[in-house]
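J.: Make a model of this:
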Amino acid sequence: MQINIINKYTVPALIFGVFGIGAFHAYNTYDSHKDYTLSSDIKHSSHKKKKEEEIKPVTLALFNAPQKAAPGADKKSPLVLDISAIVYSDKPGLSMATVNQAGKQVSYREGEKVQGYEDVWVDTIEKNSIQIRYKGDMETVQLKNPDYIKGVDATHLLPEKDKRLVENHLGDYFILGPEYKSSDKLLGLKITPKSASDVFKKAGLNPGDIVVKINSKDVTENKEIKSLIDQWAKLDSANITVKRGGEDKNIHLDLQIL
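T.: Have a look, this model is predicted:
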């Protein structure tokens with residue numbers, strides 16, 4: 001009877017003890033695995049965050065890189081000016097440049113805006129060129145030589161006595177520029193010296209003279225001013241009538257005798 005009682009309580013106790021030991025080991029194993037997993041996750045998360053931080057600047061630079069301007073985006077349109085004549089004076093504000101524009105002769109003084117352009121101004125007028133201010137930048141436009149003297153050595157064409165005068169056309173000593181009373185009323189062609197030569201004075205011309213006739217041809221009604229000025233540049237002599245102080249004065253120009 002006593003053995004039965006022992007067996008009755010001992011066997012369940014042993015089973016419960018074995019079960020308890022197993023549960024304890026299982027809990028320790030689970031707890032260790034949980035700590036390892038948590039630690040692994042933290043390390044993995046830290047490593048992943050660090051990796052993202054290392055990659056992030058590259059990604060930002062890739063998407064936020066400065067945009068390059070398209071080629072030619074800020075390029076200015078070419079400035080094309082054809083200067084037909086320059087009236088130069090060493091006194092400020094008196095110099096004048098005549099430019100061929102749209103078949104017309106347009107005269108400019110220093111400080112004036114050039115027609116047909118948004119931001120182009122005449123800055124300085126020199127003897128053989130003008131300084132143009134184009135959108136804040138300075139550009140030089142040269143007065144071109146007439147076609148008839150390009151590539152020609154004039155020293156071999158002049159008579160021996162005139163070899164000191166390499167330039168041997170009226171256009172090389174006298175400049176003609178249109179003079180208007182108003183925007184559409186042509187008074188004539190203002191004649192001025194091209195250089196510091198004394199030929200202008202010897203010819204009997206005065207500053208301010210306005211040519212109204214060339215070889216008996218009235219220039220005040222002539223609509224082909226550019227053609228007339230081009231023809232003038234090729235002459236070596238001419239009879240002109242100038243308007244001076246309200247009176248007409250006839251003058252004969254001949255480079256051979258001046």
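J.: Am I right that N239 is in contact with A203?
T.: No - N239 sits out of contact with A203 when judged by C-beta atoms under 8 Å, with a separation of 11.9 Å. (Glycine included, C-beta is placed from N, CA and C.)
J.: When the two are compared, which one has more neighbours?
T.: Neighbours of N239 and A203, each counted by other C-beta atoms under 10 Å, are more numerous for A203; the result is 20 against 14.
J.: Identify the residues contacting the more buried one.
T.: The contact partners of A203, taken as C-beta atoms under 8 Å, 6 or more residues apart in numbering, are 174, 251, 253, 258.
J.: let's see it at 10 Å
T.: 170, 173-174, 191, 193, 240, 251-255, 257-258 (C-beta atoms under 10 Å, 6 or more residues apart in numbering).
J.: In the stretch 151-258 of the chain, where is pLDDT below threshold?
T.: When residues are selected by pLDDT under 70, those of the stretch 151-258 of the chain lie in 151-167, 182-183, 196-197, 222.
J.: Strands of that one, start to end?
T.: Here the stretch 151-258 of the chain has its strands, by DSSP state E, counting those that start in this stretch, at 174-180, 186-193, 210-214, 217-218, 237-244, 247-254.
J.: The fourth one pairs with which strands, and in what direction?
T.: Here strand 217-218 has these sheet partners by DSSP bridges: strand 210-214 (antiparallel).
J.: And for the second one?
T.: According to DSSP bridges, strand 186-193 forms sheet pairs with strand 174-180 (antiparallel), strand 210-214 (antiparallel).
J.: That strand vs strand 247-254, what angle?
T.: For strand 186-193 against strand 247-254, the angle by axes from the mean of the first three to the mean of the last three C-alpha atoms, to 10 degrees is 50 degrees.
J.: Buried members of the contacts of A203 into ChimeraX, please.
T.: Applying 16 or more other C-beta atoms under 10 Å to the contacts of A203 leaves a buried subset, and the ChimeraX line that selects it is:
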select :170,173,174,191,193,240,251,253,255,258
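J.: How about stretch 96-110, which residues are buried there?
T.: Of the residues in stretch 96-110, 96-100, 105-108, 110 count as buried by neighbour count, 16+ other C-beta under 10 Å.
J.: how close does the closest residue to A238 other than its chain neighbours get to D137?
T.: Distances taken as C-beta to C-beta, 6 or more residues apart in numbering place L253 nearest to A238, at 5.2 Å, with adjacent residues excluded. Relative to D137, L253 is positioned 41 Å away (C-beta to C-beta, to the nearest Å).
J.: low-scoring stretches of the stretch 1-150 of the chain, by residue?
T.: Of all residues in the stretch 1-150 of the chain, those with pLDDT under 70 make up the ranges 1-76, 92, 145-150.
J.: and if we set it to 90?
T.: 1-124, 127-128, 133-138, 142-150 (pLDDT under 90).
J.: and the residue nearest to P207 when sequence neighbours are not counted, what does it touch?
T.: The shortest distance from P207 to any residue that is not its chain neighbour, by C-beta to C-beta, 6+ apart, is 7.2 Å, and that residue is T192. Shown in contact with T192 (C-beta under 10 Å, 6+ apart): 85-89, 96, 174-177, 200, 205, 207-209.
J.: circling back to that earlier point, closest one of the contacts of A203 to S129?
T.: Within the set of the contacts of A203, P193 lies nearest S129; the separation is 17.4 Å, counting by C-beta to C-beta.
J.: my guess is the closest one meets L176, correct?
T.: No - taking C-beta atoms under 10 Å as the definition, P193 is not a contact partner of L176, at 11.6 Å.
J.: what's the neighbour count on S216?
T.: Around S216 sit 8 other residues, with neighbours defined as other C-beta under 10 Å.
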